[in-house]
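>>> okay, here's the prediction I keep looking at, along with the sequence it came from:
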Amino acid sequence: MAADLDVTTWDPSASYSTEVMYMANIYEPLVWASPPGSSHPLTPALATSWDVSPDGLAWTFHLRSGVKFHDGEPLNAEAVRYSINRTKSMGLGAAYLWDVVDTVKVVDDLTVTLNLKYAAPLTRIISAEYAGWIFSPKSAANGKDWFEAGHEAGTGPWVLESYKPRDEIVLSRFQDYWGGWNDKQYDKVDIRFVTEAITGRQMLESGDVDISTTVPLESVPVLNSTKGLIIYSKPSFYNYIAYLNNVKPPLNNVLVRQAISYAIPYDDIIKVATGGLGTQAVGPVPKGLYPNQPSLPQYKHDLAKAKDLLTQAGYPNGLKLVLTYTAENPNEVLFVPLIKSELAKIGVDVDIRGIPWVEQWAQAKKDPMTAQDIFLIEWWPSMNDGYDELWGMFHTEASPSFNMNYYYNSTFDTLIDTAFSLEGPNPTKAAQMYFDAQKMIIDNAVAVYLYDADARFNFHTSIQGFVNNPYYPIVIFFYPLYQETTASIIHPLPLTVQSLAKQPEITYQQILKG
């Protein structure tokens with residue numbers, strides 16, 4: 001496999017980035033979220049069943065027997081207690097997901113009870129792609145540096161055989177995996193880091209790799225019509241947001257923020273960045289993820305209205321803004337020029353700066369009064385509930401962490417926190433409170449909600465068994481995959497993209513022209 005997904009940490013307690021592609025194949029949670037349309041919303045993983053008390057404050061999980069960690073230690077309730085408490089105490093990555101848990105009680109060797117501070121949909125939390133991993137307590141003796149050197153202590157089907165930073169990851173079968181193996185499944189997964197999309201395409205076409213996580217957008221129609229290759233286009237729960245600096249002039253003026261929101265060429269951005277495989281976002285929660293509500297208001301491209309709002313705000317002659325984006329994000333590279341050119345039409349001069357993600361994030365966490373005006377971010381949920389988007393991007397923070405809007409509103413905080421606690425006992429009231437909270441930040445143009453993206457997975461057709469699960473939007477689960485050399489079925493993309501296949505290379509200007 002050719003992959004452009006970097007590893008920021010191998011520590012299961014600290015992981016909060018693209019290394020989830022690999023972590024989700026090495027580690028397991030207590031439960032998985034099932035793909036949409038499944039007969040049950042949750043799939044047992046290390047817990048085979050669970051019970052919840054009538055008041056929603058005590059959740060008891062019954063663990064799978066006979067499970068081993070990769071270091072040979074048995075899975076038991078103490079391992080679950082240790083994993084949760086270590087992640088909570090470190091306070092890194094998505095550790096906040098465990099804030100709802102007050103205590104973890106070992107009932108017996110295969111039974112553990114999580115006592116909550118307040119009622120919450122705990123199974124949605126623990127089926128998250130971050131912070132929910134269970135790992136061997138034996139690893140405690142090794143310390144954090146042991147993980148960072150490329151070691152692991154999971155129960156999943158794959159063992160981390162070797163790791164060369166920014167070069168190669170090799171995963172091999174865990175022969176004692178509780179799920180078992182059959183002869184068709186793979187023995188190893190060899191992942192090569194490939195940052196250039198064109199190189200990913202070449203490796204896929206030549207057969208040097210079976211899967212590539214990246215190919216140039218303009219190559220998609222050609223590859224999709226090439227015998228022996230398949231590009232799956234599937235719904236995902238990741239979306240693109242433009243954070244607006246709510247505290248620094250001129251964006252501390254709501255009229256300026258609304259003007260920016262009306263000036264954005266949403267449809268053109270979707271065409272350029274995805275080839276049409278996306279939809280304009282309705283608020284910060286992506287479509288299909290609770291509590292996304294399609295009836296929320298939505299800004300539409302309207303330059304006249306944008307210009308009028310700027311004049312009302314006291315900027316009839318325009319203004320200057322600084323926009324930062326993630327340099328290694330190919331989609332942002334494509335659509336940032338559109339934002340610059342369109343805002344120029346209303347007199348807004350945008351200085352666009354492509355910065356590596358780590359640096360972009362570090363700069364934004366400093367003084368908001370000297371920070372960027374607009375911060376582009378690709379967001380996907382840490383847990384299987386849109387509360388994660390609302391909390392992570394807009395909830396009050398003591399110091400900037402992920403709320404690069406620098407928007408702090410106690411009424412908003414109370415609405416989403418209360419709604420989260422009511423999801424179980426009073427879902428109707430929770431939905432209304434979520435609606436009110438989202439309408440508040442949309443009306444006030446706290447951020448610009450660009451688009452919800454579909455996911456693309458680039459495969460040889462000999463690879464069978466792929467299952468897309470948008471709750472884990474950038475993960476390819478390797479365990480179900482198997483080799484079928486006679487397969488030759490092509491699954492075309494929607495006609496809007498398939499129709500472009502006659503042209504071998506397509507620029508973003510050509511895409512805009514249809």
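Perfect, I can see it now.
>>> and the longest helix belonging to the chain, what's its mean pLDDT?
Of all the segments of type helix in the chain, defined by DSSP state H, the longest one is helix 427-443. This predicted structure assigns helix 427-443 an average pLDDT of 96.
>>> and if you look at stretch 315-324?
If you average the per-residue pLDDT over stretch 315-324, you get 96.
>>> strands of the stretch 1-150 of the chain, residue ranges please.
Per DSSP state E, counting those that start in this stretch, the stretch 1-150 of the chain has strands spanning 2-3, 31-33, 42-44, 47-52, 58-63, 101-108, 111-116. These are given in chain order.
>>> same list (those strands) but as a markdown table, adding distance to Thr411, mean neighbour count and mean pLDDT.
All C-beta atoms are positioned from the backbone trio N, CA, C, and that covers glycine. Shown next, in a markdown table, are the strands of the stretch 1-150 of the chain (distance: least, Cβ to Cβ, whole Å; neighbours: other Cβ atoms under 10 Å; pLDDT from 0 to 100):
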| stretch | distance to Thr411 | mean neighbour count | mean pLDDT |
| --- | --- | --- | --- |
| strand 2-3 | 43 | 24 | 96 |
| strand 31-33 | 30 | 23 | 96 |
| strand 42-44 | 33 | 15 | 95 |
| strand 47-52 | 30 | 16 | 96 |
| strand 58-63 | 30 | 20 | 98 |
| strand 101-108 | 27 | 14 | 98 |
| strand 111-116 | 25 | 20 | 98 |
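>>> next, the angle from the helix or strand just after the longest helix of the chain to helix 427-443.
If you walk from helix 427-443 toward the C-terminus, the next helix or strand you reach (DSSP states H and E) is strand 447-460. Angle of strand 447-460 versus helix 427-443, following axes from the mean of the first three to the mean of the last three Cα atoms, to 10 degrees, is 110 degrees.
>>> if we can go back for a sec, can I get the strands of the stretch 1-150 of the chain in CSV with distance to Ser421?
CSV is the format used below for these (distance: least, Cβ to Cβ, whole Å):
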stretch, distance to Ser421
strand 2-3, 39
strand 31-33, 20
strand 42-44, 20
strand 47-52, 14
strand 58-63, 14
strand 101-108, 14
strand 111-116, 10
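>>> closest to Val285 out of the ones you listed?
Nearest of the strands of the stretch 1-150 of the chain to Val285, taken as Cβ to Cβ: strand 31-33 at 15.6 Å.
>>> what strands line up against that closest one, and which way round?
When pairs are called by DSSP bridges, strand 31-33 turns out to pair with strand 42-44 (antiparallel).
>>> report all helices and strands that the longest helix of the chain contacts.
helix 387-394, helix 410-422 (3 or more Cβ pairs under 8 Å, 6 or more residues apart in numbering; DSSP states H and E).
>>> how about it as PDB, C-alpha atoms only?
Presented in PDB, the C-alpha positions along helix 427-443 are these (Å, rounded to 0.1, in the frame of the first residue of the first chain):
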ATOM      1  CA  PRO A 427     -33.700  12.700  22.700                       C
ATOM      2  CA  THR A 428     -36.400  15.100  21.500                       C
ATOM      3  CA  LYS A 429     -35.300  17.800  23.800                       C
ATOM      4  CA  ALA A 430     -31.700  17.000  23.000                       C
ATOM      5  CA  ALA A 431     -32.300  17.400  19.300                       C
ATOM      6  CA  GLN A 432     -34.000  20.800  19.700                       C
ATOM      7  CA  MET A 433     -31.100  22.100  21.900                       C
ATOM      8  CA  TYR A 434     -28.600  20.900  19.300                       C
ATOM      9  CA  PHE A 435     -30.600  22.700  16.600                       C
ATOM     10  CA  ASP A 436     -30.600  25.900  18.600                       C
ATOM     11  CA  ALA A 437     -26.900  25.700  19.300                       C
ATOM     12  CA  GLN A 438     -26.000  25.100  15.600                       C
ATOM     13  CA  LYS A 439     -28.300  27.900  14.400                       C
ATOM     14  CA  MET A 440     -26.600  30.300  16.900                       C
ATOM     15  CA  ILE A 441     -23.100  29.700  15.400                       C
ATOM     16  CA  ILE A 442     -24.500  29.700  11.800                       C
ATOM     17  CA  ASP A 443     -26.400  33.000  12.300                       C
END
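>>> name the residues of it that are buried.
Residues of helix 427-443 classed as buried: Ala430, Ala431, Gln432, Met433, Tyr434, Phe435, Ala437, Gln438, Met440, Ile441, Ile442 (neighbour count, 16 or more other Cβ atoms under 10 Å).
>>> quick one, it and helix 410-422 angle?
With the same axes, to 10 degrees defining the directions, helix 427-443 sits at 150 degrees from helix 410-422.
>>> what residues does helix 427-443 touch?
The set of residues external to helix 427-443 that reach it, using Cβ atoms under 8 Å, 6 or more residues apart in numbering, is 283-285, 291, 293, 295-299, 386-387, 390, 394, 407, 409, 411-412, 415-416, 418-420, 422-423, 447, 449.
>>> and the angle from it to helix 387-394?
30 degrees.
>>> who are the contact partners of Trp178?
If you count contacts by Cβ under 8 Å, 6+ apart, Trp178 has them with Arg64, Gly66, Val67, Lys68, Thr155.
>>> for the fourth one, which non-adjacent residue is closest in space?
Here the nearest residue to Lys68 in space, its sequence neighbours aside, is Asp176; by Cβ to Cβ, 6 or more residues apart in numbering that works out to 5.0 Å.
>>> distance check, the one you found against Glu73.
11 Å (Cβ to Cβ, to the nearest Å).
>>> and for Trp178?
Trp178 is 14 Å from Glu73, by Cβ to Cβ.
>>> one more: Tyr408?
With the distance defined as Cβ to Cβ, Tyr408 ends up 44 Å from Glu73.
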